[in-house]
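Asker: Quick one, fold the following:
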Amino acid sequence: MTRHELKEQLQHDEFTDAVSRVVRYTNEHRERVVRIGIIAAAVLAVAGGLYWYLSYRNSVRDRDLQAVFNVLDAPVGQPNAFVKTFATQEAKTQASIKALSDMIAKDGDSSQGLIAQYYLGTLKAQQGDNKTAKTYLTKVAGSDSQCSPLAKIALAQLYAGEGKTSEARNLLQSIVNKPSALVSKDQADILIARLDESADPKAAKALLQSLKTPDQRPAVSRAVSEMEATLSK
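Answerer: So this is what the prediction gives:
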């Protein structure tokens, strides 16, 4: 290819033509292009600021949740210069309820807030306030929170205690259908077998038998053996 042919090709190259058109458009519409550039820069700045804000808010919620856990984990006993303590269990329970309630009121729909709702629900269940417990646990059970399967188990226990076996089974079966890192399918099956051990021991034994596989985890195998021993009595 001669220099002249190369020059001709470059003059009509699509990419070169496109660049030329952009340069020509920019020169002819300089004010509009500048305005668009400013808007784009502003959008990027807002997006960056929003990401920073959301990250910041998430870190704040993490700190708030850790403060709640510090109350939940505090021992009951004599005052200690190194850790927070409560004089009585009642004082600790009331402080825990307040800390959890404050967290929920502030960020109840966040992942950290849903964890707080799970803990408050279980705490209310321990106090015998099943109605309030169900309100919190149902909210968490229906969410995509990592605590959702745990809330379903807590709810199933409440329903089982009220004789609502069908509702309890449905909750546990939903975990079997969609297990998680916190609660496996086998663990949920064991809970269903435990639910059935009085009303339908034959079904409970059959379910436990189905879990006895060569590659089963030791913890599950032990739980199955313990339940089978109970059912045999």
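
Asker: Can you pull the poorly scored residue ranges out of this structure?
Answerer: For the chain, applying pLDDT under 70 flags the ranges 1-54, 232-233.

Asker: Now do the phi/psi pair for T88.
Answerer: Per-residue torsions, T88: phi -140, psi 160 (degrees, to the nearest 10).

Asker: try G77
Answerer: phi 160, psi -150.

Asker: what ranges do the helices span in the chain?
Answerer: 3-11, 14-28, 30-72, 89-107, 111-126, 130-141, 148-161, 165-177, 185-196, 201-210, 218-232 (DSSP state H).

Asker: Adding distance to V83, write these out as JSON lines.
Answerer: In this view, the C-beta of every residue, glycine as well, is placed from N, C-alpha and C. Listed next are the helices of the chain as JSON lines, based on distance: least, C-beta to C-beta, whole Å:
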{"stretch": "helix 3-11", "distance to V83": "77"}
{"stretch": "helix 14-28", "distance to V83": "66"}
{"stretch": "helix 30-72", "distance to V83": "9"}
{"stretch": "helix 89-107", "distance to V83": "13"}
{"stretch": "helix 111-126", "distance to V83": "20"}
{"stretch": "helix 130-141", "distance to V83": "28"}
{"stretch": "helix 148-161", "distance to V83": "26"}
{"stretch": "helix 165-177", "distance to V83": "36"}
{"stretch": "helix 185-196", "distance to V83": "33"}
{"stretch": "helix 201-210", "distance to V83": "43"}
{"stretch": "helix 218-232", "distance to V83": "31"}
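
Asker: of all the ones you listed, which lies closest to Q78?
Answerer: helix 89-107 (13.3 Å; C-beta to C-beta).

Asker: could you give the angle of that closest one to helix 111-126?
Answerer: Comparing the axes of helix 89-107 and helix 111-126 via axes from the mean of the first three to the mean of the last three C-alpha atoms, to 10 degrees yields an angle of 150 degrees.

Asker: Show me what counts as buried in helix 89-107.
Answerer: Using 16 or more other C-beta atoms under 10 Å as the test for burial, helix 89-107 gives K92, T93, S96, I97, A99, L100, M103, I104, D107.

Asker: before we move on, what about stretch 137-145?
Answerer: L137, T138, K139, V140, A141, S143, S145.

Asker: Just give me the closest of those to S111.
Answerer: The closest of these to S111 turns out to be S145 (C-beta to C-beta; 6.0 Å).
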